[in-house]
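# make a model of this:
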Amino acid sequence: MLKIWGRANSVNVQKVLWCCDELGLSFERIDAGMQFGHVDDPEYRSLNPNGQIPTLVDGTYVLWESNSILRYLALQYGASSTLYPADPKRRASIDRWLDWSLSALQPAERPVFISLVRTDPDKRDTAALATHVQTVAERWKLLDAHLRGRFHVEGDKFTIADIVLGAFAKRWFGLTGIERPTMPSLERWYQRLAQRAPFKKYIDHPLT
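Got it, this is the predicted structure:
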């Protein structure tokens with residue numbers, strides 16, 4: 001059985017759990033990170049020298065970095081699925097969004113999430129927060145424009161690009177205390193994702 005190290009409220013762990021569910025894979029999740037510790041234990045560092053989560057253990061094979069884990073799961077166990085198609089152009093288009101989520105989206109949204117979810121209200125820098133909200137909104141506008149006329153992020157099939165961006169979209173739409181500009185295509189796409197059973201099981205929870 002697959003083992004997945006990482007706390008359930010981590011967006012990067014949630015992506016992996018969602019993918020496993022879409023593929024019908026059984027797994028054991030082991031709490032790690034923040035209040036659960038373990039990430040600095042020598043045993044864990046032997047699996048993941050970065051001391052981050054998630055870490056996947058599949059028999060004797062160990063893999064870290066959440067988007068790489070999704071690619072591996074789809075390639076190893078999802079040959080008959082549409083999650084990561086073999087066509088080079090479609091796969092590259094999906095990879096583009098996975099890379100974008102790490103290079104552009106997550107760095108923009110993280111300060112907003114930390115400020116609104118994990119910082120006491122009286123300790124927030126409201127001016128900085130407003131700037132960060134504007135920045136992350138611009139990132140989402142880019143995806144909103146891309147989604148016009150599309151049912152999913154890449155074409156008409158659900159892929160790991162939808163999983164990755166959908167997990168982050170929960171952070172955008174689930175936050176309170178900010179004003180979000182209207183993005184019709186993004187909102188329709190998110191509402192469709194929110195109906196999927198794995199989304200409800202692993203993603204659609206209060207942000208903590």
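
# and stretch 33-41, how far from the chain's centre?
Distance of stretch 33-41 from the chain centroid (C-alpha atoms, centre = their mean, to the nearest Å) equals 20 Å.

# what do you get for stretch 182-198?
The answer for stretch 182-198 is 15 Å, by C-alpha atoms, centre = their mean.

# spatially nearest residue to Lys157, not counting backbone neighbours?
Thr82 (4.0 Å; C-beta to C-beta, 6 or more residues apart in numbering). For every residue, glycine as well, the C-beta is placed using N, CA and C.

# Asp99 too?
Asn67 (7.9 Å).

# check Val133 too.
Nearest to Val133 is Ile178, by C-beta to C-beta, 6+ apart, at 5.1 Å.

# ranges for the helices of the chain?
With DSSP state H as the criterion, the chain has helices at 11-23, 42-47, 66-77, 88-100, 106-117, 126-147, 160-174, 184-193, 197-202.

# which one, of those, ends up nearest to Pro54?
Shortest distance between Pro54 and these, using C-beta to C-beta, is found for helix 11-23: 4.5 Å.

# what's the pLDDT at the residue nearest to Met183 when sequence neighbours are not counted?
Using C-beta to C-beta, 6+ apart and skipping the chain neighbours, the partner closest in space to Met183 is Asp144 (3.8 Å). On pLDDT, Asp144 comes in at 98.

# contacts only, for Asp144.
Met183, Pro184, Ser185, Leu186 (C-beta atoms under 8 Å, 6 or more residues apart in numbering).

# same list, those residues, but as CSV with neighbour count please.
Compiled in CSV, the contacts of Asp144 are given as follows (neighbours: other C-beta atoms under 10 Å):
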residue, neighbour count
Met183, 18
Pro184, 10
Ser185, 15
Leu186, 24
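
# most widely separated two among those residues?
Pro184 and Leu186 (7.3 Å).

# now do Phe23 against Ser93, distance only.
Slight slip there: residue 23 is Leu, not Phe. 21 Å (C-beta to C-beta, to the nearest Å).

# also Ala167?
19 Å.

# which of the two has more neighbours?
Ala167 (25 against 16; other C-beta atoms under 10 Å).

# tell me how far Leu186 lies from Met34.
29 Å.

# count of neighbours near the closest residue to Glu22 other than its chain neighbours?
Among residues not flanking Glu22 along the chain, Pro198 sits closest, at 5.7 Å (C-beta to C-beta, 6+ apart). Applying other C-beta under 10 Å, we find 19 residues neighbouring Pro198.

# same thing with Leu102?
For Leu102, the neighbour count with other C-beta under 10 Å is 14.

# distance of it relative to Thr159?
17 Å.

# now do Arg180
Arg180 is 25 Å from Thr159, by C-beta to C-beta.

# of the two, who's got more company?
For Arg180 versus Thr159, neighbours defined as other C-beta under 10 Å are more numerous around Thr159 (25 against 14).

# who touches the more buried one in this structure?
Thr82, Leu83, Tyr84, Pro85, Ile94, His152, Val153.

# which one in the chain is furthest away from the centre?
Centroid-distance maximum for the chain: Asp122 at 28.9 Å, with C-alpha atoms, centre = their mean.
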